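J.: The following block contains a protein sequence and its predicted model.
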Amino acid sequence: MADVRGVAPAVAVHAVSSVTGEGLGSLEPHLLPGQTIALLGSSGVGKSTLANRLLGEDLLATAELRRDGRGRHTTTHRELVHLPGGALLLDTPGMRELQLWADESALEETFADVAELARDCRFSDCAHGQEPGCAVRAALGNGALPQIRWESYSKLQRELRALAVKQDARLRSEARKERRRFARSQRRTKW
């Protein structure tokens, strides 16, 4: 729980067990009439089992655990079900990945702590690498900014850049040119 909260401090995190029912009550404030809740995660993690527990009956197909204790892929389609309290629950098949659909403002909103530190950097265009006077690097060094939080920020920043490149023909062209320049420089260093 602490690790998850460290990565996403502004997100509500609840530990629940579909086996024992422990923690399910903490979900009630999110399961309001007119709300739609989606269960997302890898195959076999227990999304349908959790949905059945919230439903109070075994409506959705589930499978026994494998011998190694891991779940089995059972759900083959999305299904929207009404929960007893009036909320709608969307059970989904396992997903390998979710793709981002956001912009730079989402980065600043999600990582307000990093954005605030960056405002204290000596240079306004600080890349938070080797620049002198980098407040982000200083916070990483003294433990004020957890490394895992910085890694999450950096990953989201890369994903936003990739999304921008996908959406913008000029950026795609620049990215191709940059890859060619890099490939040429690598060939020159080999000889």
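T.: Yes, it's here.

J.: what about the strands in this structure?
T.: Under the criterion DSSP state E, strands of the chain are mapped to 36-39, 79-82, 88-91.

J.: so who does L31 touch?
T.: With contact taken as C-beta atoms under 8 Å, 6 or more residues apart in numbering, L31 is in contact with 37, 54, 83, 85, 87, 89. Where you see a C-beta, it was placed from the backbone N, CA and C, and this is true even at glycine.

J.: Leaving out chain neighbours, which residue sits closest to it?
T.: Once flanking residues are discounted, L31 sits nearest to A87: 4.1 Å by C-beta to C-beta, 6 or more residues apart in numbering.

J.: Format the contacts of L31 as JSON lines; extra columns: neighbour count and pLDDT.
T.: Shown next, in JSON lines, are the contacts of L31 (neighbours: other C-beta atoms under 10 Å; pLDDT from 0 to 100):
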{"residue": "I37", "neighbour count": "16", "pLDDT": "83"}
{"residue": "L54", "neighbour count": "21", "pLDDT": "83"}
{"residue": "L83", "neighbour count": "18", "pLDDT": "81"}
{"residue": "G85", "neighbour count": "11", "pLDDT": "83"}
{"residue": "A87", "neighbour count": "19", "pLDDT": "87"}
{"residue": "L89", "neighbour count": "21", "pLDDT": "80"}
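
J.: Closest one of these to A164?
T.: Checking those against A164 by C-beta to C-beta gives I37 as the nearest, at 30.2 Å.

J.: beta partners for the closest one?
T.: Bridge pairing for I37 (DSSP bridges) gives the partners L89.

J.: That one reaches H30, doesn't it?
T.: Yes - in this structure I37 lies within contact range of H30 using C-beta atoms under 8 Å: 6.3 Å.

J.: Which residues are in contact with each of the two?
T.: Taking C-beta under 8 Å, 6+ apart as the criterion, I37 and H30 both touch A87.

J.: show me where pLDDT drops low in the chain?
T.: Within the chain, the segments meeting pLDDT under 70 span 7, 43-45, 59-78, 92-103, 190-191.

J.: This structure: helices as residue ranges?
T.: Remark: helices assigned in the chain by DSSP state H are 2-7, 47-55, 104-110, 112-119, 135-142, 147-167, 169-190.

J.: Can you tell me which of these is most buried?
T.: When the helices of the chain are scored by mean count of other C-beta atoms under 10 Å, the highest mean neighbour count falls to helix 47-55 (a mean of 21).

J.: Surely G133 and F123 touch.
T.: Yes - G133 is within contact range of F123, at 6.9 Å (criterion: C-beta under 8 Å).
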